[in-house]
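> My questions are about this predicted structure, shown below with the sequence.
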Amino acid sequence: MSLLRVENLSKEFGGVHAIADLNFTFNVGTIHSIIGPNGAGKTTLFNLISGIYTPTTGRVFLEDRDAHGLAPFELAAMGLSRTFQNLQIFFNMTALENVMVGLHMRLDSRFWPALLRIGGIGKKEQEAREQAAELMRFVGLEAYLDTDADAMPFGALKRLEIARALASEPKIILLDEPAAGLNTTETEEIDELIRKISETGVTVVLVEHDMRLVMGVSDHILVLDNGRKLGEGTATDIQSDPNVIQAYLGAGHLGNGDADD
Amino acid sequence: MFSEFLQFLISGVTVGATYALVALGFSIIYNSSNVINFAQGEFVMLGGMSTVFLLSAGFPLPLAILCAIAITVVIGLLLEKLAIEPAREGSVVTLIIITIGASIFLRGATQIAIDKEFHSLPAFSGEEPIMIGGASMLPQSLWIVGGAFVMVLLMWFFFDHMKLGKAMLAMSYNRLAARLVGINVRMVLTLSFVQAALLGAIGGILVAPMSVTYYEVGIMLGLKGFCAAILGGLGRGWGAVLGGLIVGVAEAMGAGYISSDYKDAIAFIIILLVLFFMPSGLLGKRSTERV
Amino acid sequence: MTGKLMNPRSGGLLALAAFIVAVPFLLPNEFYFDVAVRAGINAIVCVGLNLLIGYAGQISLGHAGFLGLGAYTSAILTANYGWHPLAAMALGATLVGVLAFAVARPILRLKGHYLAMATLGLGIIISIVVNNEADVTGGPDGMMVPPLVVFGFEVYGEKIWYWLVGAGLLVSVWLALNIIFSPVGRALRSVHGSEVAAEVSGIDTARYKVMVFVISAILASAAGSFAAHYSGFITPSDVSFFKSIELVTMVVLGGMASIFGAVVGAVILTILPELLTWFSEYEHMIFGLILMLTMIFMPKGLIPTLSVKMRIQGGARVEGKQS
């Protein structure tokens, strides 16, 4: 059983095919990267997988279950988590509360016990706070345990989103450009974090432009161009694939430089 | 039978023309700033009431009209500069409340500066009804529809054929890009309020001879004009006009054939139906949010 | 023990209870009690409305419609059909809940101005119906409402009503706080923060929006029933578009996402018109001015703005961002 499978997937926006006829399979427990020039359809692909967009044609399968027509929250319940390219942090809450929202599915979120304050809600909330704090430590945000989200630096917010996404104990996590806007040190930290996440058994799929990060951390790379699959394989495979080199990496880039954006 | 229908149609188109002007004002402001100006109806009220005031102060009618328009435009300008601009980065709710506050303020100020009484203006070209196919039409109706038509054409010409107008439209498509190409955003914003005030004032002056004007006349006009704007598709000029006419005619028909008690409810029933089934309106575009 | 007092939930609740108990000793006569009762009734509506506007980030410009439905259902059933007031109130709240539930999903799919207009349209339609169906509702002249009956006693007089409304307010605030300090409350706030992020975190945002809309509608209905029985008289102008605006203003003035802010806003804006009658003619101008100035300079509302200032100066650590 594959973890994520995409068959003949297409997404059209008013005549423009953001994704066209895409097929791939991701298996459990590996780190996958999706790369491609701007406009190749990477974020669209993430939106299709996480239920934010509906495919024009084709299907997405999560653990062999058809995800068609399912809302994002239903897919989340099936073990899918994601972060966003333009941060979607809850700026009206503290950092801790942001992560606690990620815990939502695992908490007792029944209405009546909450309304009437029965069923030990106080204690459960305390436990939730502790779990969220643990997650924040896991991603390296122990300095921000008492901070409001709107007072945190950009790099920290990117990791906060990751902590939130991990809170639901997903089977697969989609990271949309986790290193975008980060400097070299911060990117290395993200690299370590991704490996750490993978070691806990979560399958990681990332969209990235930073080639050093991608080539260093990925077990498997999928290359998109104009919404189509250009190639896939390990870092070595990709670096020697002539199609990929020509379309994307450019002659002379053999995996040791950043793409310039 | 037919003459009755025609009668309703005439009064519907007349009222619809006023709604169209109000709706157009909403659209222009919305296009340049994404603000819904709940004080739009007050521009209509100010046009009519200022004319009344100036007339009673001894101004000849044409001068009173011009000055009334000028007064309303200045108020629109002040509204934009003092109330909208400081809060431009605020949330939708914030801006809604500000314009509602402005409308309450303007009503209160008018009540003090003038009074709470009903007023009227003399008809522009007499009170002798014109007979068409068994239905009677007041000459003022022609003024209203004709005046509205002229204003709509002027606006169309401005937005479609003049550089400044196109610049304003560019703002509605992408504000950041508009700034980057050198369009002066703040001036555009101010200009949009000036235009909306102008349209409102003219509408108010045209309509005052036919129906009473008083300090609260703007409330329902504003709300129904907004319904018309949404019906036509918020931000679409022709949509506003179409929406206004449809709401006006629907009201007249509903009042005539069904029940005049519920006349006011018609616009709001329309708006609920539109929002439930066709939120982008008749001519509106669907937009997708990028994540 | 001090820990419990510093906790915004129980500390605030205790403070509110103390305030409610202390106030009668400060009020010189019945007139002031009347203002207090009306402020309390408004506060009950605002607590619910704040959940909708401040926490869940939605908007309603038609809540007076729900207030009106509760009020008129109570009025009609008790005056014309001899129902027991509490049964009438329960039925009113149920009907309003059902109506709110029915319109909630289509309405709450809308955002921003569209949502504002839809709720506004709904509220106005209700007030027009109430105005027109004179046979049943007494039309523009309004109708008389029999007094409330609790445990066989007729509730009569400003002082008794004060305690009744005070108790009702405390219960409403307690319930609202319970919701806020729970996963449900966080889900509501996440809808406000970023709907798409909430969705991918497993939150059915549509369901939560409907939930908070219905709760706020039911609270408004109950408060409306209270208001009807209290004044013994109800007219369509009590439930007009202006009342809806007044309610939203109370919430926004007192503080978005602040239950106690909602109470403060309700109290201030109930007292204000009384003060403004000194200015009689200038009432509207000043009211409009206050609306504009508050939104320009204190867009988050009184309580959150003040509490931020206090936090910067005092450094007291408050858990979460609620107050």
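Looks like it arrived, so ask away.

> Only C-alpha atoms from now on, for both contacts and neighbour counts.
Fine.

> phi, psi of whichever residue of the stretch 151-261 of chain A sits closest to chain B?
Closest approach between the stretch 151-261 of chain A and chain B, counting by Cα to the nearest Cα: residue A:176, at 10.7 Å. Note on residue A:176: its backbone torsions stand at phi -90, psi 100 [degrees, to the nearest 10].

> and residue A:247, what does it touch?
residue A:225 (Cα atoms under 8 Å, 6 or more residues apart in numbering or on different chains).

> same question but for residue C:296, I mixed them up
Contacts for residue C:296 (Cα under 8 Å, 6+ apart) come out as B:83, B:86, B:87, B:98.

> quick one: which of these sit in helices?
Taking DSSP state H, the ones among these that sit in helices are residue B:98.

> Now that we have the contacts of residue C:296, which of them are buried?
B:83, B:87, B:98 (16 or more other Cα atoms under 10 Å in any protein chain shown).

> And the last one, how far from chain A?
As judged by Cα to the nearest Cα, to the nearest Å, residue B:98 and chain A stand 22 Å apart.

> Same question for the first one.
Using Cα to the nearest Cα, residue B:83 is found at 25 Å from chain A.

> Surely that residue and residue C:292 touch.
Yes - between residue B:83 and residue C:292 there is a contact under Cα atoms under 8 Å: 6.8 Å.

> Which neighbours do the two have in common?
With Cα under 8 Å, 6+ apart, residue B:83 and residue C:292 have common neighbours B:98, B:99, B:102.

> Reformat the residues you listed as JSON lines; add pLDDT.
Output for those, formatted as JSON lines (pLDDT from 0 to 100):
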{"residue": "B:98", "pLDDT": "90"}
{"residue": "B:99", "pLDDT": "91"}
{"residue": "B:102", "pLDDT": "93"}
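
> So which bits of chain A are right by chain C?
With the criterion set to Cα under 8 Å from any Cα of the partner chain, chain A comes near chain C through A:50, A:71-77, A:81-82, A:88-94, A:97, A:101-105, A:107-111, A:114-117, A:121, A:125, A:148, A:164-165, A:168.

> no no, chain B
Counting by Cα under 8 Å from any Cα, chain B sits next to chain C at B:36, B:83, B:86-87, B:90, B:92-95, B:97-109, B:111-112, B:227, B:261-262, B:264-265, B:268-269, B:271-272, B:275-276, B:279.

> Neighbours of residue 94, how many?
Went with chain A since none was named. Residues lying near residue A:94 (other Cα atoms under 10 Å in any protein chain shown) number 22.

> The intended chain is chain C.
Residue C:94, neighbours per other Cα under 10 Å, totals 17.

> you'd agree it is in a strand?
No - looking at residue C:94 with DSSP: H, G, I helix; E, B strand; the rest coil, it is helix, so not inside a strand.

> quick check: mean pLDDT across the longest helix seen in chain C?
Secondary structure of chain C per DSSP H: the longest helix is helix C:205-231. Mean per-residue pLDDT for helix C:205-231: 93.

> Just the buried residues of it, please?
So for helix C:205-231, counting by 16+ other Cα under 10 Å, buried means C:205-206, C:208-231.

> Turn the shared contacts of residue B:83 and residue C:292 into a markdown table, columns for distance to residue C:200.
Output for the shared contacts of residue B:83 and residue C:292, formatted as a markdown table (distance: Cα to Cα, whole Å):
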| residue | distance to residue C:200 |
| --- | --- |
| B:98 | 34 |
| B:99 | 35 |
| B:102 | 40 |
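
> Which residues does stretch B:265-280 contact?
Contacts for stretch B:265-280 (Cα under 8 Å, 6+ apart): B:224, B:227-228, B:230-231, B:233-234, B:247, B:250-251, B:254, B:281, B:286, C:106-107, C:110, C:114, C:117-118, C:121-122, C:124-125, C:128.

> let's go with 6 Å and repeat that
With contact meaning Cα atoms under 6 Å, 6 or more residues apart in numbering or on different chains, stretch B:265-280 is reached by B:224, B:227, B:233, B:247, B:251, C:106, C:118, C:121, C:125.

> Which parts of that stretch count as buried, going by neighbours?
B:265-272, B:274-276, B:278-280.

> of all those, which comes closest to chain A?
residue B:280 (16.8 Å).

> So the residue in the stretch 1-150 of chain A positioned nearest to chain C: helix, strand or coil?
With Cα to the nearest Cα as the measure, residue A:73 is the residue of the stretch 1-150 of chain A nearest to chain C, at 3.9 Å. Following three-state DSSP, we place residue A:73 in the helix state.

> Could you measure from it over to residue A:17?
26 Å (Cα to Cα, to the nearest Å).

> Looking at those two, which one has more neighbours?
Counted by other Cα under 10 Å, residue A:73 and residue A:17 do not tie: residue A:73 has more neighbours, with 24 against 16.

> That one and chain B, how far apart?
16 Å.

> what do you get for residue C:274?
For residue C:274 relative to chain B (Cα to the nearest Cα), the value is 17 Å.

> doesn't that residue fall inside a helix?
Yes - counting by three-state DSSP, one finds residue C:274 located in a helix.

> Which per-residue confidence value corresponds to it?
81.

> where does the chain dip in pLDDT?
Chain wasn't specified; assuming chain A. By pLDDT under 70, the low-scoring segments of chain A are A:1, A:248-261.

> looking at chain C here, not the other one
C:1-8, C:311-323.

> Which helix or strand contains whichever residue of it sits closest to chain A?
Nearest residue of chain C to chain A: residue C:202, at 3.9 Å (Cα to the nearest Cα). Counting by DSSP states H and E, no helix or strand carries residue C:202.

> do residue A:5 as well
strand A:4-13.

> near chain B at all, that strand?
No - Strand A:4-13 lies out of reach of chain B by Cα under 6 Å from any Cα of the partner chain, never closer than 9.6 Å.

> just checking, what packs against that strand?
strand A:16-26, strand A:57-62 (3 or more Cα pairs under 6 Å, 6 or more residues apart in numbering or on different chains; DSSP states H and E).

> And the contacts of that strand?
A:17-26, A:55-62.

> ok and that strand relative to strand A:16-26, angle-wise?
On the basis of axes from the mean of the first three to the mean of the last three Cα atoms, to 10 degrees, strand A:4-13 is oriented at 180 degrees to strand A:16-26.

> Put the alpha carbons of strand A:4-13 into PDB.
The C-alpha coordinates for strand A:4-13 follow below in PDB (Å, rounded to 0.1, in the frame of the first residue of the first chain):
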ATOM      1  CA  LEU A   4       0.400   8.900  -1.400                       C
ATOM      2  CA  ARG A   5      -0.600   8.100  -5.000                       C
ATOM      3  CA  VAL A   6      -1.500  10.500  -7.700                       C
ATOM      4  CA  GLU A   7      -3.100   9.300 -11.000                       C
ATOM      5  CA  ASN A   8      -3.600  11.300 -14.100                       C
ATOM      6  CA  LEU A   9      -4.000  14.400 -12.100                       C
ATOM      7  CA  SER A  10      -4.900  17.600 -13.800                       C
ATOM      8  CA  LYS A  11      -5.900  21.100 -12.600                       C
ATOM      9  CA  GLU A  12      -7.100  23.700 -15.000                       C
ATOM     10  CA  PHE A  13      -7.600  27.400 -14.200                       C
END
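
> for it, which positions count as buried?
Those would be A:4, A:5, A:6, A:9, A:10, A:11, for strand A:4-13 by 16+ other Cα under 10 Å.

> Okay then, goodbye and thanks.
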